[in-house]
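Engineer: Here is a sequence with its predicted model. Questions after.
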Amino acid sequence: MAKGIKRNRIIIIAAGAVLSIVCLVWIVRLLTADAVSAKLDIPSYQPVYLAADGGAVWQPGERDSQGFAAAAQNGRYRLSVHPGTGQLKITDLQTGDSWSSNPSAEEAMKEKVAGTLRTNVESTFIVEYFEKTKIQRQVVNALDPSVTMAVTALKSGVAVHYEVGKAQLSFSIHYEITDDGLQMSIPGKSIKEEGIFRILSIEALPFFGAAGSKESGYLFVPDGPGGLIYFPARKELSGKGYNQEVYGPEITNRVGDDYSNNQSVALPVFGMKKGEQAFLAVIAAGEKSAVIRALPSGVVSSMNTIHAKFVYRQEYDRRLNLSGRSVRVFQDQLLLQDRVVRYYFLSGKEAGYAGMARTYRRDLIETMQLPARIDPQQQTGLDLTLIGGDTVYYGGHRYEKATTFKQAEQIITELKAAGVERVRVTYEGWQAGGTLNPDKKFHPESKLGGSGGLQAFVDQAHRLGYKVNLDTDLVTADTSFTSLPPKTYGIRAVEEDVLFRYENFYLNPNISYNLAVDLIAGAKRYGIDGIRFNWLGELVFNDYNPAYAYTRDDTAYLYRNILKRTQEELGYSAVNAGNAYALPYTSSIHSLTADSSYSYAVDETVPFYPMVLHGSIPYSLTPANLRDDYELEFLKAIEYGSIPSFILTYESSRVLMETLTWGIYSSTFTQWKDDLIREYRDFEQLSPIHDQPMTDHYRRSQGVYVTEYANGMAVIVDYNRRSFQVERMGDL
């Protein structure tokens, strides 16, 4: 017994010693760390709210054969509303075509579904709600007996106010005609919850433009670069259709590993082509808490539909104990935001995904969300990433170098001698301590050559006419490397505990912004030409820290301001993937996705996003040395108007195998040099269209695709022959 007690004492003493050392390390880190302020030198995000209600009571005039009365009209469109149901119809006064909020009564009668699913077809909204003390979802629509409706007049439309008597909930939906079609909005301040029930989500116009199962066309979804879901269906129905959150899932309502940073919805748009007509819908407000729902015939009805679902409360798993037991609950706080969708109506040659892309591009340019044209001075011939090195995660956290600054000089000197004229080099893993050490001031890694080595590399690049970017991650941090305490600087999950993913945590956007200010100042001293930011263009989230109470809008606002400041100070900012909120201040996009999310619902992938960007923001696809199918993905990059991209090292990529920069299996410069030079020359054939908008894209025949440009040039990619050519359209 005495020996057992003694052994336990030794264990306790040893454990105490280890704990003391750990605490000492943290104390030293905190004392030696550079303080990072959470105070901003810019105003905080301030939303502007729509008026909740309209003016005088709407007095419907003469009704048509379907019971609709004209509510507003401009030179192109007429908005008609049914006084009894609140349904609407928009008529194109030039073509006579019309779009309706719901199928006709005759079509609705043919539905085989029953109950709420049946009445949803004739409703202008679907609301999910719950009782405060319970977790059971309930659904109500406009046809519920407890729902009352009041219509008031707006300058260019109507405001329809709904009250759900049995749940003591109320809200308004505004419909207004525009020069291009229809604007639908749900003012945040119109929502009232006066009893024990709370709103989870609102789906407005869930059956707008619904197409029957035998009609011809497709649903457009912003899946990857763009996706089409054809009708009539081309394959057997499976699953629940397409349901994707704009900008990806909200990470703060996930528990443990039940979430992913990956997302494929970078644009808040959706659309439908039906016969010779089409519409594009742009979620202009509330998009960061929206879900795009594309429901082919057979999922919830016989109709093909697409719309936005607006989320007002997050659901999450509340932990009950340390063993991991949890229960699904709903957030208490209502997300008070306006929700706005603009519908653009298209016909003739415009009625397709290419016309939708042109329309969205015009919308972004007119609202100052996208540059009109690329600055010719910023033309990039090659997007080259050089990996300096990174830290071995286990075994002492030593830094492994893969490309020193001196070796980088050698690489770019050889490229220049080989005739590669226009290169933007992005240096990754350049900072002391590796990629997950954002709290360091501007300290280049000594093993790469330190400050002097970086300066010499930048000077040599400039002598060769090349530009130099630095790559950085100011969003995530690793507790094993950073001196920033997670409790102070990390975002909080919905239950207000620090959100961890393994050893990583996510920095509050204020901290990211102030780290960026320091980084920009340091880069400027070295003559750095720009910064590429990881995650700023890929990930937004809430922060439930009571000190901030940030929404995804707050996060996106600060990320935009980081990009803006970088452009103002250095002239160039870049992101990965490229969510739409980042576009106003993004100089280029690295690794734009060319693949779908492999949703079973999507039948075909199309270059919608490249058509929006081309001529305004240059972009690259997967780096050439990381392609799964080298030739096929090379041709895809040509078809999609990309610039060439490589991610290389001087040493063998084996030195990175145990570091945080994993997954780079083939990157040695000497191995890829000839391929790089050849690909650069191939892409040089596209230089006449570098700053030109795409005007059309279509499949000429099986395996042959044509991309047309504003200056009359066309690129024809033949996947059958594994070839491409650039021609004038008159020569096709």
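Structural biologist: Looks like it arrived, so ask away. Everything numeric in this text was worked out from a predicted model, so none of it was measured.
Engineer: From here on, just use CA atoms for contacts and neighbour counts.
Structural biologist: Will do.
Engineer: how deep is residue 480 tucked in, by neighbour count?
Structural biologist: Neighbourhood size, residue 480 [other CA atoms under 10 Å]: 13.
Engineer: isn't it right next to residue 503, touching?
Structural biologist: Yes: using CA atoms under 8 Å, residue 480 is in contact with residue 503, at 7.1 Å.
Engineer: A strand includes residue 294, no?
Structural biologist: Yes: the assignment for residue 294 is a strand, going by DSSP: H, G, I helix; E, B strand; the rest coil.
Engineer: so who does it touch?
Structural biologist: Shown in contact with residue 294 (CA atoms under 8 Å, 6 or more residues apart in numbering): 219, 221, 241, 242, 243, 304, 305, 306, 307.
Engineer: any idea how far residue 151 is from it?
Structural biologist: Computed as CA to CA, to the nearest Å, the residue 294 to residue 151 distance reads 29 Å.
Engineer: cool, and residue 114?
Structural biologist: Distance from residue 114 to residue 151, counting by CA to CA: 29 Å.
Engineer: More neighbours: which of the two?
Structural biologist: Taking neighbours as other CA under 10 Å, residue 114 and residue 151 compare with residue 151 leading, 24 against 10.
Engineer: hang on, that one packs against residue 57?
Structural biologist: Yes: applying CA under 8 Å, one finds residue 151 in contact with residue 57, separated by 6.1 Å.
Engineer: all strands for the stretch 101-250 of the chain, in order.
Structural biologist: 125-131, 138-141, 147-154, 157-164, 169-177, 181-186, 192-193, 197-204, 217-221, 227-231, 242-245 (DSSP state E, counting those that start in this stretch).
Engineer: Same list (these) but as JSON lines, adding mean pLDDT.
Structural biologist: Output for the strands of the stretch 101-250 of the chain, formatted as JSON lines (pLDDT from 0 to 100):
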{"stretch": "strand 125-131", "mean pLDDT": "98"}
{"stretch": "strand 138-141", "mean pLDDT": "98"}
{"stretch": "strand 147-154", "mean pLDDT": "97"}
{"stretch": "strand 157-164", "mean pLDDT": "98"}
{"stretch": "strand 169-177", "mean pLDDT": "98"}
{"stretch": "strand 181-186", "mean pLDDT": "98"}
{"stretch": "strand 192-193", "mean pLDDT": "98"}
{"stretch": "strand 197-204", "mean pLDDT": "98"}
{"stretch": "strand 217-221", "mean pLDDT": "98"}
{"stretch": "strand 227-231", "mean pLDDT": "95"}
{"stretch": "strand 242-245", "mean pLDDT": "94"}
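Engineer: Out of these, which is the most enclosed?
Structural biologist: strand 217-221 (a mean of 27; mean count of other CA atoms under 10 Å).
Engineer: Can you give the contact residues for that one?
Structural biologist: 226-232, 269-275, 292, 294, 304-306, 353.
Engineer: which of these are buried?
Structural biologist: Burial by neighbour count, judged by 16 or more other CA atoms under 10 Å, picks out 226-232, 269-274, 292, 294, 304-306, 353 from the contacts of strand 217-221.
Engineer: In three-state terms, how would residue 316 be classified?
Structural biologist: strand.
Engineer: right, and it touches residue 330 too?
Structural biologist: Yes: taking contacts as CA under 8 Å, residue 316 lies within contact range of residue 330: 6.3 Å.
Engineer: Please say which of these two ends up with more neighbours.
Structural biologist: The residue with more neighbours, out of residue 316 and residue 330, is residue 330; 22 against 19, by other CA under 10 Å.
Engineer: right, and that one touches residue 315 too?
Structural biologist: Yes: if you go by CA under 8 Å, residue 330 and residue 315 touch, sitting 4.3 Å apart.
Engineer: How about residue 549, nearest residue that isn't a chain neighbour?
Structural biologist: Distances taken as CA to CA, 6 or more residues apart in numbering place residue 543 nearest to residue 549, at 5.7 Å, with adjacent residues excluded.
Engineer: ok, the one you found to residue 272 distance?
Structural biologist: 35 Å.
Engineer: And for residue 198?
Structural biologist: 32 Å.
Engineer: Likewise for residue 501?
Structural biologist: 38 Å.
Engineer: Same question for residue 655.
Structural biologist: Computed as CA to CA, the residue 655 to residue 272 distance reads 50 Å.
Engineer: now residue 326
Structural biologist: 40 Å.
Engineer: which other residues reach stretch 586-600?
Structural biologist: 223-227, 238-239, 242, 264, 563-564, 567, 572-578, 605, 607, 617-623, 636.
Engineer: Quick one, which of those residues are buried?
Structural biologist: Neighbour-count burial (16+ other CA under 10 Å) is assigned, among the contacts of stretch 586-600, to 223-227, 242, 264, 563-564, 567, 572-578, 605, 607, 617-623, 636.
Engineer: Next step: these restricted to helices.
Structural biologist: Among these, DSSP state H puts 563, 564, 567, 636 in helices.
Engineer: out of these, what pair is the most spread apart?
Structural biologist: Spatially, the most separated pair among those is 564 and 636, at 30.9 Å (CA to CA).
Engineer: Any chance you could list what contacts stretch 190-201?
Structural biologist: 52-53, 127-132, 167-172, 309-314, 334.
Engineer: just stretch 485-492 next, same as before
Structural biologist: 30, 252, 479, 498-499, 505-508, 511, 542-545.
Engineer: Can you lay out those as a markdown table showing neighbour count?
Structural biologist: Below are the contacts of stretch 485-492 laid out as a markdown table (neighbours: other CA atoms under 10 Å):
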| residue | neighbour count |
| --- | --- |
| 30 | 14 |
| 252 | 23 |
| 479 | 16 |
| 498 | 21 |
| 499 | 26 |
| 505 | 22 |
| 506 | 22 |
| 507 | 23 |
| 508 | 25 |
| 511 | 21 |
| 542 | 23 |
| 543 | 28 |
| 544 | 20 |
| 545 | 21 |
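Engineer: Out of the residues you listed, which is nearest to residue 279?
Structural biologist: residue 542 (31.8 Å).
Engineer: so how far is residue 492 from the closest one?
Structural biologist: Counting by CA to CA, the separation of residue 542 from residue 492 is 8 Å.
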